[in-house]
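Asks: Coordinates for the following, if possible.
(chains A and B)
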Amino acid sequence: NAGVTQTPKFRVLKTGQSMTLLCAQDMNHEYMYWYRQDPGMGLRLIHYSVGEGTTAKGEVPDGYNVSRLKKQNFLLGLESAAPSQTSVYFCASRGLNYNSPLHFGNGTRLTVT
Amino acid sequence: QQPVQSPQAVILREGEDAVINCSSSKALYSVHWYRQKHGEAPVFLMILLKGGEQKGHDKISASFNEKKQQSSLYLTASQLSYSGTYFCGTEPDNTDKLIFGTGTRLQVFP
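Replies: Have a look, this model is predicted:
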C-alpha cells in the first residue's frame, strides 16, 4: 500500500520555466490538497479538490494551477516559475468521513534560480 | 486566516510537560494536530470535532473549545521522541479547507 506518492522528489528550475508536480493516492480518497512549506510559515494551502473534476483555490493560489481529471491523481502546475516559488511542496489526501486525517506524501523540494 | 499557534518554540527536559495552543478567527468544524520531524512529512496525531471534546492517547492529549475557537495540545512526561514541529490544522465551518498554523518547534533534551 503506497499511500500518497509525489513525483518528482527534487527539481531545479530556471525562472520562467514550467513544470508539473504529480500526486497519486491509492486509498480512494475524495479530498486532495496541495500545500507549500517555507521556513517559519508553516504549511500554506495552495489549491484543493473535493472530488474528481473539481478544484478550488486555497490561501496562496497565485502562480499555480491544478487539475484532477482522475480521482487518484492531483496535478500542480507552475506555468512560469519564479524564485518566490522555491519551497517544499506537500500533497495530502483524506476520505469523506469527518474523522479522516490527512495522509501526506513525502514532499517535493523545488528550487527556482 | 491562518490560525495562530503559541508558543513558537519550546525547550524541555525529558519528563517535563508542555502545552501548545492554537487559536482561530473563524468558527471551526474540526481541529487536527500533526507532528513533523525535520526533513519528513507531517504525521497525524489526532482530530477533534465540533461539539467540544477532549481526546488523548498515551501521554499526548488535546482539547477543543469551539466557542472560543481554540484548541490546546498537552504533552505530558515528554520523551526524546516528542521532538519536532507541531502543527494545528483548522477546518472552518462550511468549508473543505484545512488551514495550518505556523507551527511550534518542540525540543526535548535528556
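
Asks: show me where chain B has strands.
Replies: For chain B, strands defined by DSSP state E occupy the ranges B:4-6, B:9-13, B:18-23, B:28-36, B:43-49, B:54-57, B:60-65, B:70-75, B:84-92, B:99-100, B:104-109.

Asks: make that chain A, sorry
Replies: Under DSSP E, chain A gives strands at A:4-7, A:10-13, A:19-25, A:31-38, A:42-49, A:56-57, A:65-67, A:73-78, A:87-94, A:103-104, A:108-112.

Asks: Helix or strand with the lowest mean pLDDT in chain B?
Replies: strand B:54-57 (a mean of 70; mean pLDDT, DSSP states H and E).

Asks: Apart from its chain neighbours, what residue comes closest to residue A:106?
Replies: residue B:41 (5.4 Å; Cβ to Cβ, 6 or more residues apart in numbering or on different chains). Bear in mind the C-beta positions are built from the backbone N, C-alpha and C, glycine included.

Asks: Outside of stretch A:70-85 itself, which residues are in contact with it?
Replies: A:13-26, A:28, A:30, A:32-34, A:36, A:46-47, A:49, A:51-52, A:63-68, A:89, A:91, A:93, A:110, A:112-113 (Cβ atoms under 8 Å, 6 or more residues apart in numbering or on different chains).

Asks: Which residues are in contact with residue 89?
Replies: Just going to use chain A. A:6, A:21, A:34-37, A:46, A:76, A:107-108, A:110.

Asks: ah, no, chain B please
Replies: Residue B:89 neighbours (Cβ under 8 Å, 6+ apart): A:43, A:102, B:31-34, B:98-101.

Asks: top of the residues you listed by neighbour count?
Replies: residue B:31 (29 neighbours; other Cβ atoms under 10 Å in any protein chain shown).

Asks: Would you agree that residue is in contact with residue B:92?
Replies: No - using Cβ atoms under 8 Å, residue B:31 is not in contact with residue B:92, being 10.6 Å away.

Asks: what sits opposite the nearest residue to residue B:89 once chain neighbours are set aside in the beta ladder?
Replies: Setting aside the residues directly before and after it, residue B:89 is nearest to residue B:32 in space (Cβ to Cβ, 6+ apart), at 3.9 Å. Under DSSP bridges, the beta-bridge partners of residue B:32 are residue B:47, residue B:89.

Asks: ok, residue B:32 touching residue B:91?
Replies: Yes - Residue B:32 is in contact with residue B:91 according to Cβ under 8 Å; the separation is 7.4 Å.

Asks: Quickly list what's touching both of the two.
Replies: residue B:98.

Asks: What's the end-to-end length of stretch A:69-79?
Replies: 18 Å (Cα to Cα, to the nearest Å).

Asks: Buried residues in that stretch, which are they?
Replies: A:71-76, A:78 (16 or more other Cβ atoms under 10 Å in any protein chain shown).

Asks: from the chain's centre, how far out does it sit?
Replies: Mean-position distance between stretch A:69-79 and its chain equals 8 Å (Cα atoms, centre = their mean, to the nearest Å).

Asks: do the same with stretch B:38-58
Replies: 7 Å.

Asks: ok, and the closest non-adjacent residue to the most centrally placed residue in chain A?
Replies: In chain A, the centroid-proximal residue (Cα atoms, centre = their mean) is residue A:34; its distance is 3.0 Å. In space, and not counting its chain neighbours, residue A:34 is closest to residue A:46: 4.4 Å by Cβ to Cβ, 6+ apart.
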